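**Q** Next come a sequence and a model predicted from it.
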Amino acid sequence: MTNVLVITDHIAGEVTKPTLEVLTIAAGFGDPIAVAFGAGAELTATRLAVYGATKNLTVTDEAVDSALVAPKVEAVAQLIEQTGAALVLAPATLELNEVAGRLAVRINAGLITNAVGVTGGEGSVSTEQSVFAGDWTVTASVGGQPAVVTVKPNSVAAQAAPADGTVEAAQVTISEGAKRARITKSEPKAASGRPELTEARIVVSGGNGTKGDFSAVEGLADVLGAAVGASRVAVDSGWYPHSYQVGQTGKTVSPQLYIAAGISGAIQHRAGMQTSKNIVVINSDEEAPIFAIADLGIVGDLHEVLPQATDKVKQIKG
Ligand SMILES: Cc1cc2nc3c(=O)[nH]c(=O)nc-3n(C[C@H](O)[C@H](O)[C@H](O)COP(=O)(O)OP(=O)(O)OC[C@H]3O[C@@H](n4cnc5c(N)ncnc54)[C@H](O)[C@@H]3O)c2cc1C
């Protein structure tokens, strides 16, 4: 049994799905101890316990919210010592990849980021990483302890594994030096009312074929309760924000249903969505490469097909 520390990600106390996935991996190694940072950290305990966290350590020093990542790195380094953790896992978010990198340097640990699989047992950790747009799978292992690994969203399905989940305020000291790089202003992303892209069960994505008009894509997304995604051409053209990009240099999604409208299916796009359970393609060119991975393909103009699909769903829903 290995002591595993899981660095969690939450938004105002609401635990993200990638965190629950990482807990599921952690439960395969031993009893996961979760660390939650900042305002709302204590609200995460119940949800984390449902997915296997035996203990929830909260770090609520104001520095973890008001400074950049250094206070989190210091806190986790101390918690590794206190818990004897042999493995530190975190979802591979932009911020937690940075925390993981700095942590590994600080404690002289082996680091692997953006893993899509983590296996091993006492004294050894192996990972898989999907690279070159999913063309290659690299297996790597971390020598020595502890190992620090971040895991890409949707790498595993989160599975409930109820645990006690006691909550404790972590006993850590944040140095003055760690507080020096302060956040002077931050603005929350305007709420779209749609589910988060990486967590949505259905994603409707638009590409170059939209010619910049995403209204038909958004219309179908809204009747389906889906998230909206976009190809890189669409975001580079300024038609949709970069945070909605799906693909190698965007987000990885693996929903039950992925609808690609006006997207050709470049390898870099497919890298971010090809593990979707069902793929529906709407494209006016029957030769478009994306049809090769479609479960259902419709050759047609998305500005005609999507509104028809939207009306049909509305009709079925009554
Ligand atoms: C290093 C690197 C990283 C990259 N990362 C990403 C990434 O993360 N995500 C990503 O998406 N791309 C990425 N790309 C870009 C990628 O190579 C493609 O250029 C991009 O995915 C193409 O976007 P698209 O399919 O929207 O556009 P296009 O390739 O131009 O395809 C548009 C499609 O729309 C169809 N179409 C046109 N009009 C209509 C209509 N009215 N109705 C229906 N269909 C229509 C066309 O037939 C065509 O198939 C990356 C490239 C590189 C080099």
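**A** Ah, there it is.
**Q** Residue 39 contacts residue 66, doesn't it?
**A** No. Judged on C-beta atoms under 8 Å, residue 39 makes no contact with residue 66 at a distance of 10.4 Å. In this view, the C-beta of every residue, glycine as well, is placed from N, C-alpha and C.
**Q** now residue 107: how far from the ligand?
**A** Taking C-beta to the nearest ligand atom, to the nearest Å as the measure, residue 107 falls 32 Å from the ligand.
**Q** brain fart, residue 140
**A** 22 Å.
**Q** Which residue, other than its chain neighbours, is closest to that residue?
**A** residue 127 (5.4 Å; C-beta to C-beta, 6 or more residues apart in numbering).
**Q** so what pLDDT did the one you found get?
**A** According to the prediction, residue 127 has pLDDT 96.
**Q** Doesn't it belong to a helix?
**A** No. Per DSSP: H, G, I helix; E, B strand; the rest coil, residue 127 lies outside any helix segment and is strand.
**Q** If you check the stretch 1-150 of the chain against the ligand, which residue is the closest one?
**A** residue 133 (7.6 Å; C-beta to the nearest ligand atom).
**Q** ok, the closest residue to that residue other than its chain neighbours - how many residues close by?
**A** Closest residue in space to residue 133, ignoring its immediate chain neighbours: residue 271 at 3.9 Å, by C-beta to C-beta, 6+ apart. Here the count is done by other C-beta atoms under 10 Å, and residue 271 has 21 residues near it.
**Q** surely residue 271 meets residue 136?
**A** No. Contact between residue 271 and residue 136 fails when scored by C-beta under 8 Å: they sit 11.1 Å apart.
**Q** For those two, list the residues in contact with both.
**A** residue 130 (C-beta atoms under 8 Å, 6 or more residues apart in numbering).
**Q** what's near enough to touch residue 274?
**A** Here residue 274 is in contact with 134, 293 (C-beta under 8 Å, 6+ apart).
**Q** For it, give me phi and psi.
**A** Per-residue torsions, residue 274: phi -70, psi -10 (degrees, to the nearest 10).
**Q** residue ranges for the helices of this protein, please.
**A** 17-27, 45-50, 63-66, 70-83, 94-107, 215-224, 232-236, 267-270, 302-317 (DSSP state H).
**Q** so residue 195 sits right up against residue 226, yeah?
**A** Yes. Residue 195 sits in contact with residue 226 when judged by C-beta under 8 Å, with a separation of 7.2 Å.
**Q** Mind listing the shared neighbours of these two?
**A** Joint contacts of residue 195 and residue 226 (C-beta under 8 Å, 6+ apart) are residue 201.
**Q** Distance-wise, check the residue nearest in space to the middle of the chain relative to the ligand.
**A** In the chain, the residue lying closest to the centroid (C-alpha atoms, centre = their mean) is residue 153, at 3.5 Å. Residue 153 sits 14 Å away from the ligand, going by C-beta to the nearest ligand atom.
**Q** residues in contact with that residue?
**A** Taking C-beta under 8 Å, 6+ apart, one finds 17, 18, 21, 91, 92, 198, 251, 252, 253, 254 in contact with residue 153.
**Q** quick one, phi psi at it?
**A** phi -60, psi 150.
**Q** Where does pLDDT dip in the chain?
**A** 1, 122 (pLDDT under 70).
**Q** List, one by one, the residues from it near the ligand.
**A** Selection of the chain residues close to the ligand by C-beta under 6 Å from any ligand atom yields 207-209, 231-234, 245-250, 262-264, 266, 268-269, 272, 282-285, 288, 301-303.
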